[in-house]
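1. Any chance you could fold what I've pasted below:
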Amino acid sequence: MSEKNISGLIILDKPAGISSQTAVNKVRRAFNTKRVGHTGTLDPMATGVLPVLVGSAVKASELLVSDEKRYEATLKLGLTTDTLDTTGEILSRFEGQLPTYEDLLSVLPDFTGDIMQTPPMYSALKVSGKKLCDLARSGVEVERQNRPVTVFS
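-> Next comes the predicted model:
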């Protein structure tokens, strides 16, 4: 079957458990085209919007990746894991009194604004062409450079 001449933007709701590249490969097969890309890797455990570009729309990816992104997270206080997320082995469990909702609200402004972030080893960021999470799973830890991020709220 020959490649179809299809172009456009697909707003994909990526489920947990698959990589962004796996999602792109599924779109590639569905539309029988090689020219497919996404605008930013989501960790395999992450769910949410993954803009997928098809055909000549792939050229627009640079315009989309430079814009602000919004992430929403759910967390569980009182646990420490080896991966710094909920997928890892629990290393410790806090047994004391956790902060109240009001306590959390009062300190949240301290965590907004421009900050320097050290990417965790268990993330989809790439170093020398390899995803940090893949390196971490194989027992390799590499030095990561701090990078500026802005936390709006």
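2. From residue 125, how far out is residue 54?
-> 25 Å (Cβ to Cβ, to the nearest Å). All C-beta spots, glycine's among them, are computed from the backbone N, C-alpha and C.
3. These two: who's more crowded?
-> residue 54 (21 against 15; other Cβ atoms under 10 Å).
4. Grab the nearest non-local neighbour of residue 120.
-> residue 84 (4.8 Å; Cβ to Cβ, 6 or more residues apart in numbering).
5. Help me confirm that residue 150 comes into contact with residue 111.
-> No - judged on Cβ atoms under 8 Å, residue 150 makes no contact with residue 111 at a distance of 11.6 Å.
6. what is in contact with the two at once?
-> Residues touching both residue 150 and residue 111 (Cβ atoms under 8 Å, 6 or more residues apart in numbering): none.
7. can you count the residues close to the residue lying closest to residue 128 once chain neighbours are set aside?
-> Once flanking residues are discounted, residue 128 sits nearest to residue 142: 8.0 Å by Cβ to Cβ, 6+ apart. Using other Cβ under 10 Å, residue 142 has 11 neighbouring residues.
8. any idea how far residue 142 lies from residue 125?
-> As judged by Cβ to Cβ, residue 142 and residue 125 stand 11 Å apart.
9. what's stretch 86-100 in contact with?
-> 45, 76, 77, 78, 79, 80, 81, 82, 83, 122.
10. 6 Å - rerun?
-> 45, 77, 78, 79, 80, 81, 82 (Cβ atoms under 6 Å, 6 or more residues apart in numbering).
11. Please name the residues that touch the fourth one.
-> This points to residue 79. 90, 93.
12. Tell me where the protein has helices.
-> Ranges of helices within the chain are 20-31, 61-65, 101-107, 132-137, based on DSSP state H.
13. Could you save the ones you listed as TSV and add columns showing distance to residue 11 and mean pLDDT?
-> Conversion of the helices of the chain to TSV gives the following (distance: least, Cβ to Cβ, whole Å; pLDDT from 0 to 100):
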stretch	distance to residue 11	mean pLDDT
helix 20-31	11	91
helix 61-65	11	76
helix 101-107	32	93
helix 132-137	25	87
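14. which of those helices sits most buried?
-> helix 132-137 (a mean of 17; mean count of other Cβ atoms under 10 Å).
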